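Undergrad: Pasting a predicted model and its sequence here:
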Amino acid sequence: MTQQARDALLDGLNPAQRQAVEHVNGPLLIVAGPGSGKTRVITHRIAYLNHYLGIRPGNIGAVTFTNRAAKEMRSRLEHLLGDRARYITAGTFHSLCAQILRHDGKAIGLPPEFVIMDDDDQLGLIKRAMVICEVDPKKFPPRSILNAISSAKSRLLTPEGLAQRASGYYDDLVRRIFIEYQALMSRSRGVDFDDLLSRTIELFREAPETLAKYQERFLYLMVDEFQDTNIAQYEIAKQISSKHLNLCVVGDPDQAIYSWRNADIRNILSFQKDFPGTVTVNLSQNYRSTSTILGAARKLISANRQRLDQDLFTDNEMGAKVVIAEAYNEDEEAQLVLQEIERLTREEGFTLRDFVVTYRVNAQSRALEEACLRYGVPYKLVGGVRFYQRREVKDLISYLRLLQDPYDEPSLARVINVPARGIGKRTVDELIAWAGSLSIPAYTALQLLAGDGTEIAEGIDASPFNPRQVQQLVGFLRLINDLRACLPDMELPELIDEVLTRSGYRRSLLDSEEPDAEDRLDNLREFRGVSADWLTIPASESLQPFLENAALVSEQDSIVENEQQYLTLITLHQIKGLEYPVVFITGFEDGVLPHTRSLDNPDQLEEERRIAYVGMTRAGKRLYLLRSFRRRLFGAPTGNPPSRFLRDIPEDFLEAAASRLRSSNNSVGPSGRTSNYPVVAGEPIVQAGPPPFRAGDKVSHATFGQGIVINCLAKPSDYELTVAFKGQSGIKRLLHSFAKLELISKE
C-alpha cells in the first residue's frame with residue numbers, strides 16, 4: 001500500500017478511531033460508546049491489516065452477534081477490499097462454531113451432517129426428557145428447565161459439573177433432565193445453540209492439532225459487542241488467540257443488557273487483567289445523537305457503578321429537548337404517540353420509517369398494535385412470530401432437515417402426519433417409545449418395520465404396530481427416502497417444489513378452507529424465493545448451509561431495508577444496534593422500566609438502567625419518554641410511579657411543553673412529590689377546517705378496499721372516520737391523516 005492509499009484509508013477517522021485502526025500487535029480493548037462508529041473502525045482496521053501490513057484476508061476473523069450486523073460488516077468490507085473481502089471470516093459466534101464443527105467435529109464424534117435444533121425443537125426434547133424422568137410439567141415449567149440447562153452450558157457445566165454445584169432438589173432435577181435431554185439430542189444427531197459453543201471448546205481441548213490449525217488461520221481476531229459475550233464465547237476467543245495474542249475486542253459495558261441470555265459483563269470489565277499489556281482506546285465521539293439527547297443519556301447511565309468511565313461528547317447540534325409525556329393509561333399513551341408522529345410527519349417532513357416505538361416487555365405492544373389498526377397506521381412488529389418460525393415454514397424446514405439427516409427425530413415427529421396421512425399422535429408416541437426401548441433413532445425403527453436390510457435382533461421386543469399402522473409408517477419412510485434420492489440431481493428451489501408436491505402439503509393448503517391458507521402458501525413461495533440464492537448448486541451441497549442460515553437467523557433479520565413505509569414496534573432488547581431519527585420509549589415507570597423483578601437487586605437494577613440508556617441512545621433527532629398513570633400488564637390495571645431513572649436526568653435537558661401540547665407543571669414527579677418536570681398530558685388542539693367526508697360517502701382504502709363512511713368525528717388535530725368496508729375487512733375506525741382515503745363518490 002502506498003502512503004497515499006494509506007492516508008486515503010485513514011482519512012475521515014477521528015484521532016481515537018485512527019489509533020484503534022493502526023494498532024496491530026497484541027491485545028486491544030476498544031471501548032465504543034453509542035454512535036461512535038465502531039463498525040467503521042473494525043472494517044477499516046481489517047482493511048489496514050490487509051492493505052498496509054499484507055495480512056492475508058483468510059488470516060483475519062471478525063465475530064459479531066447478529067446476522068444483520070455481520071451482513072453490514074461484510075458489505076463495508078466489500079467496499080473497502082473488493083473481491084478479497086469474501087476470504088475474510090465475518091459472522092456470528094454460532095455460525096463460526098458451526099463451520100468449525102462441520103469440518104472438524106468428527107474428532108469428538110460429531111458427524112458433519114448434524115442438525116441445529118431451534119428453540120421449538122429444544123423445548124420438545126425437554127418435554128420428552130421430563131416424561132422419561134417422570135417430572136410433572138405443571139409443577140416445573142419446561143421453559144424454566146431449558147433455561148437452567150442453557151445457563152449451565154454457557155458456564156461450560158456438564159450434568160456432572162452441575163451435580164457438583166447442586167444445592168437442592170431442583171438442581172438435581174435439572175441435572176437428571178439434562179442427561180436425558182442430551183441423550184435424546186444425540187440420538188437425533190443434533191446440537192442446540194449452546195452446544196455449538198461448548199462442543200467447539202471441547203474440540204479445541206480434545207484435539208490440540210485442530211486448535212493449532214485455527215490459531216494459525218486466525219492470526220488476528222476481532223470480537224464485536226464484547227460486553228454481550230458469555231463464558232463460553234470468551235473461552236473460544238481466548239483459545240484461538242492464545243498463541244499470537246492478537247485479540248481485539250470492541251464493546252461498551254454501558255450497553256450490556258443480555259444477562260438473561262447468560263452474557264457476563266465481567267468479561268469486558270476484566271479484559272485488561274486477563275490480557276496484561278492491553279492497549280485501551282476510547283471511542284467517545286458520538287455521531288448519531290443531538291447534544292441534548294446524548295447529555296440526558298450520559299447523566300442517566302452515570303449513576304451505575306459497573307462501568308468503564310468515558311467522556312462521551314458530540315459535535316452535533318443541541319437539538320430539541322427530551323419530552324417526558326404522561327397519559328392516563330396505555331391506550332391513551334399509544335394514541336399520544338400516534339398523534340405526535342402525525343404532527344411530525346405533517347409539520348417537519350419525517351416519514352413513518354423515521355420513527356420507532358420501543359418498550360421493555362413484549363406485552364406492551366398490544367395497545368400500540370390496536371391503535372395502529374384502529375387508525376390505519378401501517379406497522380411492523382419486530383419480535384412477533386418470526387418468518388422461519390411460522391407453522392408452514394417450520395413444517396417445510398422439517399421436511400428438508402429430514403432429507404439432510406433422516407435421524408433428526410424432532411423433525412420426523414413434526415411432519416410424519418403433516419399433512420394428515422393416518423398416523424395419529426398415539427402411533428407417533430409408540431414409534432418413538434419403541435425406538436427408545438431399542439436405543440435406536442426413530443428412522444432406524446422405520447427401517448426395521450420396512451425390512452430394509454435390517455432384522456429385529458433376537459430377544460428385542462417386536463413391533464407394537466398392527467399391519468395398517470406399519471403400512472402407513474413405511475409409506476412415510478418411502479417418501480423421505482425417495483426425496484433424499486433427488487438431492488444430487490435437483491437444485492434447491494426444484495427440491496422444495498418436489499417436497500411440497502410429493503408430500504401433499506401444497507395440495508392440502510390449496511384444498512383448505514382455513515382463512516389463512518393463501519397467506520400460508522404465500523409464505524412458502526417466499527421461502528422458495530429465498531432458496532433461489534442457491535441456484536446452479538446441487539441440493540446435496542446447498543441444503544446444509546441453507547438450513548444452517550435459517551436456524552441462525554435472529555429477530556433483527558426480519559427488518560427489511562426497502563422503501564415501504566411503516567412504523568416499527570420493537571422491544572428495548574431488540575433495538576440494540578439500530579438507530580432512528582425519532583424514538584418513543586413507552587412505560588417509563590417503576591415496575592416496567594425498571595422491571596419489577598429488578599427493584600430489590602442492585603445488579604439487575606443497573607442492567608435495567610443500561611436498557612433505558614440503550615433505548616435513549618438509539619435516537620438521532622428527537623426523544624420521547626412516556627409513562628401511564630395506570631397500566632394493564634398481565635392482569636388487572638395497576639398504578640406505577642414514574643421511573644426512578646427520570647431522577648437521573650437534569651431538568652436542563654427536558655423541554656417545557658410547547659404551545660401545541662397541553663402541559664401539566666403540577667404533575668407527580670419521579671420522587672412521588674409535586675414536580676416541575678414537563679409532562680405532556682391530553683391531546684393537541686383541533687385543527688381548523690371542514691370535515692373531509694360525510695356519512696354516506698363512498699371511499700377507497702389501499703388495504704381495505706372500497707367502503708362507505710358511517711361517521712366522521714372531529715378529534716384533536718384530526719378527524720376519526722368510521723367506514724364499513726366490503727368483504728372481510730368489515731367496519732374500521734381510521735384516523736384521517738393516516739388513512740389516505742380516496743373519495744369515489746359523495747353521498
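TA: Thanks, I have the structure now.
Undergrad: Low-confidence bits of the stretch 451-600 of the chain, can you list those?
TA: The stretch 451-600 of the chain contains residues with pLDDT under 70 at 452-461, 515, 553-563.
Undergrad: try 50 this time
TA: 457-459 (pLDDT under 50).
Undergrad: Quick check: end-to-end length of stretch 566-579?
TA: 15 Å (Cα to Cα, to the nearest Å).
Undergrad: List the buried residues of that stretch.
TA: Residues of stretch 566-579 classed as buried: 566-578 (neighbour count, 16 or more other Cβ atoms under 10 Å). Where C-beta positions appear, they are placed from N, C-alpha and C, glycine not excepted.
Undergrad: and the helix or strand harbouring residue 477, what does it pack onto?
TA: Using DSSP states H and E, the element containing residue 477 is helix 467-484. Applying 3 or more Cβ pairs under 8 Å, 6 or more residues apart in numbering; DSSP states H and E, one finds that helix 467-484 makes contact with helix 391-404, helix 425-438, helix 442-450, helix 492-502.
Undergrad: hey, where'd the strands end up in the stretch 451-600 of the chain?
TA: 567-571, 580-585 (DSSP state E, counting those that start in this stretch).
Undergrad: who's in contact with residue 64?
TA: By Cβ atoms under 8 Å, 6 or more residues apart in numbering, residue 64 lies in contact with 70, 73, 90-92, 223-225.
Undergrad: can we see that at 6 Å?
TA: By Cβ atoms under 6 Å, 6 or more residues apart in numbering, the contact set of residue 64 is 70, 224.
Undergrad: Please name the bridge partners of it.
TA: Per DSSP bridges, the residues bridged to residue 64 are residue 92.
Undergrad: what's near enough to touch residue 692?
TA: By Cβ under 6 Å, 6+ apart, residue 692 lies in contact with 719, 736.
Undergrad: circling back: need the buried residues of stretch 566-579 in JSON lines with distance to residue 140, can you?
TA: Shown next, in JSON lines, are these (distance: Cβ to Cβ, whole Å):
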{"residue": "566", "distance to residue 140": "41"}
{"residue": "567", "distance to residue 140": "40"}
{"residue": "568", "distance to residue 140": "37"}
{"residue": "569", "distance to residue 140": "33"}
{"residue": "570", "distance to residue 140": "32"}
{"residue": "571", "distance to residue 140": "27"}
{"residue": "572", "distance to residue 140": "30"}
{"residue": "573", "distance to residue 140": "26"}
{"residue": "574", "distance to residue 140": "29"}
{"residue": "575", "distance to residue 140": "33"}
{"residue": "576", "distance to residue 140": "32"}
{"residue": "577", "distance to residue 140": "35"}
{"residue": "578", "distance to residue 140": "37"}
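Undergrad: between the strands of the stretch 451-600 of the chain, which one is nearest to residue 51?
TA: With distances scored as Cβ to Cβ, the stretch of those nearest to residue 51 is strand 580-585 (33.9 Å).
Undergrad: Just checking: what are the partner strands of that closest one?
TA: Counting by DSSP bridges, strand 580-585 is paired with strand 355-359 (parallel), strand 619-628 (parallel).
Undergrad: Tell me the first helix or strand C-terminal of the last one.
TA: Right, strand 619-628. Per DSSP H and E, the first helix or strand lying C-terminal to strand 619-628 is strand 631-632.
Undergrad: Need the contact partners of that next one.
TA: By Cβ under 6 Å, 6+ apart, the residues outside strand 631-632 that reach it are residue 330.
Undergrad: before we move on, back to that, output the helices and strands packed on helix 467-484 as CSV; include the columns mean neighbour count and distance to residue 86.
TA: Listed next are the helices and strands packed on helix 467-484 as CSV, based on neighbours: other Cβ atoms under 10 Å; distance: least, Cβ to Cβ, whole Å:
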stretch, mean neighbour count, distance to residue 86
helix 391-404, 21, 25
helix 425-438, 16, 43
helix 442-450, 20, 37
helix 492-502, 19, 21
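Undergrad: would TSV of those helices with distance to residue 152 be doable?
TA: Putting the helices and strands packed on helix 467-484 into TSV (distance: least, Cβ to Cβ, whole Å) gives the following:
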stretch	distance to residue 152
helix 391-404	26
helix 425-438	24
helix 442-450	27
helix 492-502	37
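Undergrad: between these, which gets nearest to residue 706?
TA: Residue 706 lies closest, by Cβ to Cβ, to one member of the helices and strands packed on helix 467-484: helix 391-404, at 30.6 Å.
Undergrad: elements contacting the closest one?
TA: Packed against helix 391-404 by the contact rule (3 or more Cβ pairs under 6 Å, 6 or more residues apart in numbering; DSSP states H and E) you find helix 409-415, helix 467-484, helix 517-531.
Undergrad: Run through who's touching the shortest one.
TA: It stands for helix 409-415. Looking at what lies outside helix 409-415 - Cβ under 6 Å, 6+ apart - the contacts are 121, 124, 188, 395, 398-399, 401-402, 428, 442.
Undergrad: same deal with the second one?
TA: Contacts with helix 467-484, where a contact means Cβ under 6 Å, 6+ apart, come from 402-403, 406, 416, 422-423, 427, 446, 449-450.
Undergrad: tilt between it and helix 391-404?
TA: Helix 467-484 and helix 391-404 are oriented at 80 degrees to each other (axes from the mean of the first three to the mean of the last three Cα atoms, to 10 degrees).
Undergrad: Can you list the buried residues in helix 467-484?
TA: Neighbour-count burial for helix 467-484, with 16+ other Cβ under 10 Å as criterion, is recorded at 469, 472-474, 476-477, 479-481, 483-484.
Undergrad: so where's the chain uncertain?
TA: 457-459, 656-688.
Undergrad: and residue 150, what does it touch?
TA: Shown in contact with residue 150 (Cβ under 6 Å, 6+ apart): residue 194.
Undergrad: quick one: secondary structure of it?
TA: Three-state call for residue 150 (DSSP: H, G, I helix; E, B strand; the rest coil): helix.
Undergrad: State the distance from it to residue 143.
TA: Remark: distance between residue 150 and residue 143 (Cβ to Cβ, to the nearest Å) = 10 Å.
Undergrad: Mind listing the shared neighbours of the two?
TA: When Cβ under 6 Å, 6+ apart defines a contact, no residue borders residue 150 and residue 143 alike.
Undergrad: Dump the contacts of helix 409-415 into TSV; add distance to residue 506 as well.
TA: Shown next, in TSV, are the contacts of helix 409-415 (distance: Cβ to Cβ, whole Å):
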residue	distance to residue 506
121	24
124	25
188	27
395	11
398	15
399	12
401	19
402	17
428	23
442	25
